[in-house]
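Visitor: This is a predicted model, with the sequence first.
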Amino acid sequence: MLHRVTIHELVIAIVVVLILVLLLTITVLSYSFYKYRILYRRQAWVQTSEQKVMEAIVRGEDGASLDETFLMQLREPSFRNVFLGVLVASDRKFSGVARNEVNNLFKIYKMEDAAWQKLQQKKSYLIAGGILELAVMRVEDAIPDIISLLDHPKRQVYQEAQYAIVGFKGFDGLDFLNTLVVPLSDWQQLRLLRSVAKLPDAYEKWMKNWLISPNESVIIFTLRLIRKFQLLPFYNDVVNLLDHASVTVSVQAIRTLAALENVDTVYQLIAIFATQPHESQIEILRTLKKSRSPQSEPFLQEQLWYNPAISVKIAAAEALIALGQHSYLKNIAATEIVPLEIKQVIKHALQEKV
Amino acid sequence: MLILIAEDDELILRTIEHKLLKEGYQIILTRNGKDAIEKIKELNVDLVVTDIMMPFASGIEILAAIRSFQKELPVIVLSSLGQEEVVADAFDLGAADFMVKPFSPNELVLRIKRLTNK
């Protein structure tokens, strides 16, 4: 039997729905207001913290005295975190005396304790944050604790520990590469490279081992180190890597040879060209373009005419342009019996509309 | 002597401002490239310090704009690591000097003094 809805029940249902909508609206508005207040407060905290840093830098030693009011503000944990973040960011913006002033603020307001506490947290982003703060503020007492985190199961933590150790010890901190099995990303490699300012006496032995590492990214990182420090004694080791099974390694080896270029480099690159995979061939042609060696002219012309790959023809034509062969190429492009494909390649290289 | 600083990082901007005020310079602050170009056209600026990465117009665009109407105005470019190619462009456009971040504000002041003969 069907139950008929009375007017009274309908009114109650509408009222209930309206109350629910009202409650939902109030909740959403309260939450938005709460978020806005957090955001507003955070913005104000950032400004206060930056003002403190700026004063310390501008006033020098006078600016480093303890400000009791500021110290009271720092009792609020969220504010401490914001201030710590501003100090870390400032350290990346300034060098010299200004950087020392930032470090001084870290010490006089005992921010070290807050950073140490993060190392004891369970969340990996907090531990990584603590490592970053201790490393940027050069708290050397933290080195043993950070070394123990190199084997942490979470990637974010062990990567931050790697950066920190290299930041503290420079090249010597790279010994984790001896046993590294996971790949180093390009970004990681760049961060590590930035932290290595000089090489110790025993660098050659270490780096020769890394060049034969089963971890491809370790080899690539070592090649980048060779380029950064222009390490000419590694020239032959780099030549040996041209035949590496990984195309990425051989491409990086070609780039490294270009950086270490000597009178034989162009001939060596031309000699191995035919046996290389496509990516490496293109890299060789780019290197020849940069080196602008007249000895490569006949080889480049040969590639332009006879290599079946269009991208190789284009790269060869571009290298010829870099060698100042504009009129040679324009003459070919203007000759009627030359195949259309070659004319198009030349026009493309000369950046003309076909 | 009037110096225009174009920088979108508030802390760097305020720090340079205070350092230069202490040295007796007059300062104009701009937080984006478009503003910087307008102010340089309006005012008789003696030197410009500009960051490379800026909203609306980059430091290179500021430099190019300056060179279109002011051949001699000294410009110091602040760059970040890894911007070597841009720095080369800046020198081609006649930048007087450049500094890589992280940089020392004291050193910047010295370079400004050298360029303004102060």
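Guide: Received the coordinates, thanks.

Visitor: need the residues of chain A near chain B, please.
Guide: A:47, A:50-51, A:53-54, A:57-58, A:86, A:89-99, A:190, A:194 (CB under 8 Å from any CB of the partner chain). Where C-beta positions appear, they are placed from N, C-alpha and C, glycine not excepted.

Visitor: just the buried members of those?
Guide: Neighbour counting with 16 or more other CB atoms under 10 Å in any protein chain shown marks A:50, A:53-54, A:57-58, A:86, A:89-91, A:93-95, A:98-99 as buried within the residues of chain A next to chain B.

Visitor: okay, those in CSV with secondary structure and pLDDT next?
Guide: CSV is the format used below for those (DSSP: H, G, I helix; E, B strand; the rest coil; pLDDT from 0 to 100):
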residue, secondary structure, pLDDT
A:50, helix, 94
A:53, helix, 93
A:54, helix, 92
A:57, helix, 91
A:58, helix, 87
A:86, helix, 95
A:89, helix, 93
A:90, helix, 93
A:91, helix, 88
A:93, helix, 92
A:94, strand, 93
A:95, coil, 91
A:98, helix, 92
A:99, helix, 91
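
Visitor: Closest one of those to residue A:204?
Guide: residue A:95 (30.3 Å; CB to CB).

Visitor: correct me, but that closest one touches residue B:100?
Guide: No. Residue A:95 is beyond contact range of residue B:100, at 9.0 Å (criterion: CB atoms under 8 Å).

Visitor: any low-confidence regions in the stretch 1-150 of chain A?
Guide: A:1-2, A:61-64 (pLDDT under 70).

Visitor: Residue nearest the middle of the chain, spatially speaking?
Guide: Answering for chain A, as no chain was given. residue A:187 (2.7 Å; CA atoms, centre = their mean).

Visitor: should've been chain B
Guide: residue B:49 (1.3 Å).

Visitor: Okay, and the beta partners of it?
Guide: Beta bridges link residue B:49 to residue B:5, residue B:76, judged by DSSP bridges.

Visitor: didn't it look like it was pressed against residue B:2?
Guide: No. The pair residue B:49 and residue B:2 fails to qualify as a contact (CB under 8 Å) at a distance of 12.0 Å.

Visitor: Go through stretch A:193-203 and flag the buried ones.
Guide: Per 16+ other CB under 10 Å, stretch A:193-203 contains these buried residues: A:195-196, A:199, A:203.

Visitor: Averaged pLDDT, it. What do you get?
Guide: In this model, stretch A:193-203 has a mean pLDDT of 89.

Visitor: any idea how far the helix or strand of chain B with the lowest mean pLDDT is from the chain center?
Guide: For chain B, using mean pLDDT, DSSP states H and E, the weakest element among its helices and strands is helix B:84-92, scoring a mean of 81. Offset of helix B:84-92 from its chain centre (CA atoms, centre = their mean, to the nearest Å): 14 Å.

Visitor: which residues touch the following helix or strand past that helix?
Guide: As assigned by DSSP states H and E, the chain's next helix or strand after helix B:84-92 is strand B:97-101. For strand B:97-101, contacts defined as CB atoms under 8 Å, 6 or more residues apart in numbering or on different chains pick out A:92-93, B:12, B:74, B:76-81, B:87, B:90-91, B:107-108, B:111, B:115.

Visitor: out of those residues, which are buried?
Guide: A:93, B:12, B:74, B:76-80, B:87, B:90, B:108, B:111, B:115.

Visitor: hmm, which two among these are most spread apart?
Guide: Largest pairwise distance in the buried ones among the contacts of strand B:97-101, by CB to CB, is 23.0 Å, between A:93 and B:74.

Visitor: Surely residue B:3 and residue B:21 touch.
Guide: No. Counting by CB under 8 Å, residue B:21 is not a contact partner of residue B:3; they are 9.9 Å apart.

Visitor: so what sits against both of the two?
Guide: residue B:27.

Visitor: So for the two, which residue has more residues nearby?
Guide: Ranked by neighbour count (other CB atoms under 10 Å in any protein chain shown), residue B:3 and residue B:21 place residue B:3 first, with 24 against 13.

Visitor: Tell me who's in contact with the more buried one.
Guide: Counting by CB under 8 Å, 6+ apart, the residues that residue B:3 touches are B:20, B:25-28, B:45-49, B:112, B:116.

Visitor: how is chain A carved up into domains?
Guide: A:79-194, A:199-260, A:279-354 (automatic domain parsing).

Visitor: just to revisit the earlier point, quick one, the least confident helix or strand of chain B and strand B:97-101 angle?
Guide: Interaxial angle, helix B:84-92 versus strand B:97-101 (axes from the mean of the first three to the mean of the last three CA atoms, to 10 degrees): 160 degrees.

Visitor: for helix B:84-92, packing partners?
Guide: Packing partners of helix B:84-92 (3 or more CB pairs under 8 Å, 6 or more residues apart in numbering or on different chains; DSSP states H and E): helix B:59-69, strand B:75-80, strand B:97-101.
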